[in-house]
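Asks: Below are the sequence and a predicted model; questions follow.
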Amino acid sequence: MNHPESRINELATRIVQAEKNGMIKDAGLEGATGKKVIAILQHAIQLLENDECYVEIGVYRGLSLISTSVVAPHITALGIDNFAQFDKNNSNKTFVENLIRQHQLHNTQLINMDFEDGLNSLEKFLNGKKIGLYFIDGPHDYRSQLICLLFAKKFLSEKAIIVIDNCNYNHVRQANQDFLKANSEFKLLFEGYTKAHPANLKGKALQEAWDSWLDGVNVLVKDPKNELPAMYPPTIRDRSLFFADHRIHPMRNSIFAWRAAKLAAVLKPFQPIMFVAYLLRLIIEVRKRKKSDIEPYPYINSLAKDLPYFNLNKPQIHS
């Protein structure tokens, strides 16, 4: 059996191969993952042993799940998604299930659950296996990113590989950095970024992003023997946005704070047409909200009304 450091060295070699040569097998699928990120996943899954499995958060249209499992049909592959986003026609789950059948992937299973619920229930789907390769491409907010890392930690094998998508975002890199600093047995092995989010790229730059990392990638490894030096994804030191979370969450109708932020985005330089359009959408969404869901106070809603006054946890007495 390979030692943990042997897999790290082999994975480093495979990442170089993935960057140079691309995918091992192109399944001809469409999705929202860079081609060289898929290539890393394909190379990484081939390093797993029979008591390990592949788990991914965020399946969407099945690009990464199918493309990864198809090159290692002997490895169990689990995709967690409740298909609540980017699915106007409610067709994505059926689409992915059809792909699984078409490619005759008996190793591949969908877990149709919210990512947090799926991770809390993951043990019953693992059937005694450990996660050898873990791909995180679900919600990209700071908390969700950190939860994906923390909740899966106990299921990871001693040689686990973690691939994290959309690392161009500073808050995703911050979550990765915070996890690494709090869990020294994990190391950053590789990071690759593009110039901007693909929505802000055009022409050659956009095509280069699709052909490589799309919106950035980090690869973490479990390194129990401390073979790698500590390395962290770069982040912006200014934490004003994170501090602002505390001011936003207690406000009435704070669920629409992101819509209000769009107004600020077009104030300077001023884009009057966009400002009016965003304002109208904000008004419509707020007015549509049920009265029963609206927080009682304008600015400081602690949501503490139904919390217990005194609730002491008691040790269990084992006979």
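Replies: Sure thing, it's come through.
Asks: how much space is there between the nearest residue to Phe242 once chain neighbours are set aside and Asn166?
Replies: Of all residues not flanking Phe242 in the chain, Tyr142 sits nearest, at 7.1 Å (C-beta to C-beta, 6 or more residues apart in numbering). Placement of C-beta: from N, CA and C, glycine included. With distances taken as C-beta to C-beta, to the nearest Å, Tyr142 is found 12 Å from Asn166.
Asks: now the helices for this protein?
Replies: Applying DSSP state H to the chain gives helices spanning 4-21, 35-45, 63-69, 92-102, 115-120, 123-126, 142-152, 170-182, 203-211, 240-248, 257-265, 272-288.
Asks: nearest to Asp51, of those helices?
Replies: Closest approach to Asp51 among the helices of the chain is made by helix 123-126 (10.2 Å; C-beta to C-beta).
Asks: which outside residues touch the closest one?
Replies: By C-beta atoms under 8 Å, 6 or more residues apart in numbering, the surrounding residues in contact with helix 123-126 are Cys53, Leu78, Gln109, Ile111, Phe155.
Asks: What pLDDT is listed against the first one?
Replies: To tie it back to what came earlier, the one meant is Cys53. For Cys53, the model assigns a pLDDT of 98.
Asks: And it, how far from Ile284?
Replies: With distances taken as C-beta to C-beta, Cys53 is found 45 Å from Ile284.
Asks: Compare neighbour counts for those two and give me the winner.
Replies: Cys53 (25 against 10; other C-beta atoms under 10 Å).
Asks: Torsion angles phi and psi at the closest residue to the more buried one other than its chain neighbours?
Replies: Spatial nearest neighbour of Cys53, chain neighbours left out: Thr76 (3.9 Å); criterion: C-beta to C-beta, 6+ apart. The phi/psi pair for Thr76 (degrees, to the nearest 10) reads phi -60, psi 130.
Asks: Touching, Thr76 and Lys129? I think so.
Replies: Yes - between Thr76 and Lys129 a contact is recorded at 6.1 Å, counting by C-beta atoms under 8 Å.
Asks: Quick check: neighbours shared by the two?
Replies: Cys53.
Asks: which ones are touching Leu11?
Replies: His43, Ala44, Leu47, Ile161, Leu189, Val219, Val221.
Asks: Distance of it relative to Ser240?
Replies: According to C-beta to C-beta, Leu11 stands 37 Å off from Ser240.
Asks: and Pro229, how many neighbours?
Replies: Number of residues near Pro229 (other C-beta under 10 Å) recorded here: 8.
Asks: How about Arg281?
Replies: Neighbour count of Arg281, defined by other C-beta under 10 Å: 14.
Asks: so what are the domain limits for this protein?
Replies: For the chain, the structural domains run 4-222, 238-319, going by automatic domain parsing.
Asks: Deepest in the core, which of those is it.
Replies: Highest mean neighbour count of the domains of the chain: domain 4-222, a mean of 19 (counted as mean count of other C-beta atoms under 10 Å).
Asks: mind checking how far it is from the chain centre?
Replies: Centroid separation for domain 4-222 versus its chain: 8 Å, with C-alpha atoms, centre = their mean, to the nearest Å.
Asks: Next: stretch 225-239.
Replies: 18 Å.
Asks: in that stretch, what counts as buried?
Replies: For stretch 225-239, a neighbour-count test (16 or more other C-beta atoms under 10 Å) marks Tyr232, Pro233, Thr235 as buried.
Asks: first to last residue in that stretch, what's the distance?
Replies: This stretch, stretch 225-239, spans 33 Å end to end (C-alpha to C-alpha, to the nearest Å).
Asks: who's in contact with it?
Replies: 3-5, 8, 167, 170, 173-174, 176-177, 180-181, 184-185, 187-189, 191, 218, 221.
Asks: Ok, stretch 174-187 next?
Replies: By C-beta under 8 Å, 6+ apart, stretch 174-187 touches 142-143, 145-146, 149-150, 153, 162, 164, 167, 188, 218, 220-224, 226, 228-233, 235, 242.
Asks: Filter these down to just the ones in strands.
Replies: Ile162, Ile164, Leu188, Asn218, Leu220, Val221, Lys222 (DSSP state E).
Asks: want to throw these into a markdown table with pLDDT and distance to Asp211?
Replies: Converted to a markdown table, the ones in strands among the contacts of stretch 174-187 look like this (pLDDT from 0 to 100; distance: C-beta to C-beta, whole Å):
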| residue | pLDDT | distance to Asp211 |
| --- | --- | --- |
| Ile162 | 98 | 23 |
| Ile164 | 98 | 19 |
| Leu188 | 98 | 23 |
| Asn218 | 98 | 19 |
| Leu220 | 98 | 24 |
| Val221 | 98 | 25 |
| Lys222 | 97 | 30 |
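Asks: which of those lies closest to Asn82?
Replies: Nearest to Asn82 out of the ones in strands among the contacts of stretch 174-187 is Ile164 (C-beta to C-beta; 20.0 Å).
Asks: now that closest one, which residues is it bridged with?
Replies: Here Ile164 sits in beta bridges with Ile136, Asn218, as judged by DSSP bridges.
Asks: Report the contact partners of it.
Replies: By C-beta under 8 Å, 6+ apart, the residues touching Ile164 are Phe135, Ile136, Asp137, Gln145, Val172, Asn176, Val217, Asn218, Val219, Leu220.
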